[in-house]
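Q: I would like the atomic coordinates for the input below:
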Amino acid sequence: SGYVLHPALLDGCFQCIGAALPGGSPHTGVYLPINVGTISVRRPGGSRVWCHVSVAVSGPDAIAQLQLFDLEGELLASVAGLALRRVGLEALERGGASPHHLYKLAWRPQALGGDGANRGRRRWLIVGDGDGLAPELARLLEAGGDRVALTVRWRGESWESGSGPVGDLNALVRTNGGEFDAVVYLRAFDASAVGPTPMDAQRACCGTAVELVQAMAGMPGRRRLWLATGRAQRTSGEPSATESVAHATLWGLGRTVAAEFPHLQCSCVDVAPGKSAAAALASELLADDPEDQVLLRPGQRFVARLVR
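A: Predicted coordinates:
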């Protein structure tokens, strides 16, 4: 339900390629998919289909074409240019045993580059009170030459701005989209975003963020979105007890938004809660640095890197 073409059904069709490949001992190796040209779907399919496969083999490579038909013979979907490569079992065993082929995320120190002086004066939307962080952050942003166009806070049952209740956040963002070109999301810090269970807290942290992204995604022009968290990530020198599970969920959302809506330039910034949090966050926002995964600790700044 909800799938145009169910992944399990498509995977079953891919298995049919094996029947069309040249015979031989399985000990000589296996064919692995390495690329796909196009997948075209004419209309949603059911749970049963006919699959027609053709394969062209050239040396260790093969190119497969698939057509999926319903039980009446009507074409449902096609897969063109599915590339496969034959790999010997020795290569698979050798590759699986080597830790040098794997990468991991690491946090590397990096000073903040530039001061954002060339980007012009920006207009900010601040979403969430941030457990009192928002007023000080707004003051620092304006002291740095920017303007805070609007700050909205959750007040039990509805969103409010300085002028009173604003109702639906999605409608507010769409209606006032011309008033701002940068957004910082502080909702994760709000006490009201902490539910009785970790799952409730995750929903509270991410639910409003999803609504905000949906509103911003369809707006013309480019706007940058920052998702701020506290202790969602940790460096190698910090104990695991400092991590916040609810805030970490927001990082997962932020990485997805960055991939699916690149024009939002979604960035995750993690700060150490305390007296210096607003100043550290304001410096990062004002600099408008291209790094999109940043940890801010007292006197230190870390960025994400893939390392072996």
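
Q: in contact with the spatially closest residue to residue 46 that is not a sequence neighbour: list those residues for me.
A: Closest residue to residue 46 apart from its sequence neighbours, by C-beta to C-beta, 6 or more residues apart in numbering: residue 70 at 6.6 Å. Placement of C-beta: from N, CA and C, glycine included. By C-beta atoms under 8 Å, 6 or more residues apart in numbering, residue 70 lies in contact with 45, 46, 49, 50, 76.

Q: now, the most widely separated pair of the residues you listed?
A: The largest separation in these, counting by C-beta to C-beta, is between 46 and 50 at 11.5 Å.

Q: overlap of the contact sets of the two?
A: 70, 71.

Q: now the end-to-end length of stretch 10-20.
A: Start-to-end span of stretch 10-20 (C-alpha to C-alpha, to the nearest Å) is 16 Å.

Q: and residue 64, how many neighbours?
A: Residues within reach of residue 64, counting by other C-beta atoms under 10 Å, total 23.

Q: make residue 1 into 58 and carry on from there
A: In the new numbering, first residue 58, that becomes residue 121.

Q: ok, and the closest non-adjacent residue to it?
A: residue 139 (4.3 Å).

Q: what pLDDT is listed against that neighbour?
A: We have a pLDDT of 94 for residue 139.

Q: residue 93 is in contact with that one, correct?
A: Yes - counting by C-beta atoms under 8 Å, residue 93 is a contact partner of residue 139 at 5.0 Å.

Q: more neighbours: which of those two?
A: Set residue 139 next to residue 93 and count neighbours by other C-beta under 10 Å: residue 139 wins out with 21 against 13.

Q: and what about the more buried one, helix, strand or coil?
A: Under DSSP: H, G, I helix; E, B strand; the rest coil, residue 139 falls in the strand class.

Q: related to what we said a few turns ago, ChimeraX command for the buried members of the contacts of residue 127?
A: Filtering the contacts of residue 127 down to the buried ones (16 or more other C-beta atoms under 10 Å) takes a single ChimeraX command:
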select :102,106,133
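
Q: from the contacts of residue 127, which is closest to residue 304?
A: Distances from residue 304 to the contacts of residue 127, taken by C-beta to C-beta, are shortest for residue 102, at 40.5 Å.

Q: is it true that the closest one lies in a strand?
A: No - going by three-state DSSP, the assignment for residue 102 is coil, not a strand.

Q: gap between it and residue 259?
A: In this view, residue 102 and residue 259 are 34 Å apart by C-beta to C-beta, to the nearest Å.

Q: what do you get for residue 184?
A: Applying C-beta to C-beta to residue 184 and residue 259 gives a distance of 17 Å.

Q: with neighbour numbers in mind, choose between these two.
A: residue 184 (27 against 20).

Q: could I get the contacting residues of the more buried one?
A: 209, 226, 240, 241, 242, 243, 244, 265, 269.

Q: any idea how far the fourth one is from residue 102?
A: Plainly put, residue 241 is 44 Å away from residue 102 if you go by C-beta to C-beta.

Q: repeat for the second one
A: Distance of residue 226 to residue 102, given as C-beta to C-beta: 38 Å.

Q: over to the fifth one?
A: Spatial separation of residue 242 from residue 102 under the definition C-beta to C-beta is 39 Å.

Q: same deal with residue 179?
A: From residue 179 to residue 102 the distance is 48 Å (C-beta to C-beta).

Q: name the residue closest to the centre of the chain, please.
A: In the chain, the C-alpha nearest the mean C-alpha coordinate belongs to residue 313, at 1.5 Å (C-alpha atoms, centre = their mean).

Q: shaky segments in this structure?
A: For the chain, residues meeting the criterion pLDDT under 70 lie at 58, 80-85, 149-158, 171-176, 220, 248-252, 297-300.

Q: would you map the helices across it?
A: 64-72, 74-77, 146-153, 190-200, 226-232, 255-274, 302-317, 334-344 (DSSP state H).

Q: what helices and strands are in contact with the longest one?
A: By that I understand helix 255-274. Of the remaining helices and strands, those touching helix 255-274 by 3 or more C-beta pairs under 8 Å, 6 or more residues apart in numbering; DSSP states H and E are helix 226-232, strand 239-242, strand 281-287, helix 302-317.

Q: wait, what's in contact with the residue lying closest to residue 222 once chain neighbours are set aside?
A: Spatially, and ignoring its direct neighbours in sequence, residue 222 is nearest to residue 215 (5.0 Å; C-beta to C-beta, 6+ apart). By C-beta under 8 Å, 6+ apart, residue 215 lies in contact with 222, 223, 224.

Q: out of the residues you listed, which end up buried?
A: Listed as buried from those are residue 223; burial here means 16+ other C-beta under 10 Å.
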